[in-house]
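Q: Build me a structure from this.
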Amino acid sequence: MGRVPLRSNMTVLDDRKLMKIYVAGPMRGKPNSNKDAFYTATRRLESCGMYEVYNPARWDDQQGITEEDLEDTTVLREIVSTDIHMLLCCEGIYMLRGWEHSVGARAEHSLAQFMKLHIQYE
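A: Purely as a prediction, here's the structure:
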């Protein structure tokens with residue numbers, strides 16, 4: 001009977017599952033929709049190698065969504081629907097500073113609590 005070869009450390013690292021985490025925080029009414037804070041948190045979370053980060057600000061940028069687009073309730077509903085879908089794909093949520101002053105971030109926090117997601121605070 002042949003010996004089973006040991007797996008290299010690189011293979012072990014490649015096989016690990018990253019926690020999917022959603023970044024939530026205030027956006028509306030903030031300079032540049034507070035995107036700098038979202039991107040900074042994303043870089044920090046990704047750099048530790050434990051997370052696959054779902055960043056709604058990045059999605060907005062990819063779709064070309066601007067602060068003015070949020071005045072249209074149809075567009076806003078589509079954005080919120082996408083954000084909720086992203087959150088429901090995750091095992092955790094990362095709350096940016098000031099989240100408690102944002103209606104949207106509070107709703108995301110409540111949904112995360114209801115779904116028993118892992119919650120981290122900045």
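Q: At which residues are the helices of this structure located?
A: 9-15, 35-47, 56-63, 73-88, 103-114 (DSSP state H).
Q: of all the ones you listed, which lies closest to Met95?
A: helix 103-114 (6.2 Å; C-beta to C-beta). The C-beta positions use only the backbone N, C-alpha and C, and glycine is treated the same way.
Q: Tell me which residue is most central in this structure.
A: Tyr22 (2.1 Å; C-alpha atoms, centre = their mean).
Q: What residues does that one make contact with?
A: Contact analysis of Tyr22 by C-beta atoms under 8 Å, 6 or more residues apart in numbering lists 53-54, 56, 86-87, 90, 92-94, 108, 112.
Q: what do you get if the cut-off is 10 Å, keeping everything else the same?
A: The neighbours of Tyr22, taking C-beta atoms under 10 Å, 6 or more residues apart in numbering as the test, are 53-56, 83-84, 86-95, 108, 111-112, 117.
Q: same deal with Glu91?
A: So Glu91 contacts 17-22, 51-52, 112, 115-118 (C-beta under 10 Å, 6+ apart).
Q: would you turn the helices of the chain into a markdown table with distance to Glu122, mean neighbour count and mean pLDDT?
A: Shown next, in a markdown table, are the helices of the chain (distance: least, C-beta to C-beta, whole Å; neighbours: other C-beta atoms under 10 Å; pLDDT from 0 to 100):
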| stretch | distance to Glu122 | mean neighbour count | mean pLDDT |
| --- | --- | --- | --- |
| helix 9-15 | 27 | 9 | 45 |
| helix 35-47 | 7 | 16 | 97 |
| helix 56-63 | 14 | 16 | 94 |
| helix 73-88 | 17 | 14 | 95 |
| helix 103-114 | 11 | 16 | 97 |
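Q: In a markdown table: those helices, plus distance to Gly29.
A: Putting the helices of the chain into a markdown table (distance: least, C-beta to C-beta, whole Å) gives the following:
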| stretch | distance to Gly29 |
| --- | --- |
| helix 9-15 | 42 |
| helix 35-47 | 13 |
| helix 56-63 | 14 |
| helix 73-88 | 14 |
| helix 103-114 | 11 |
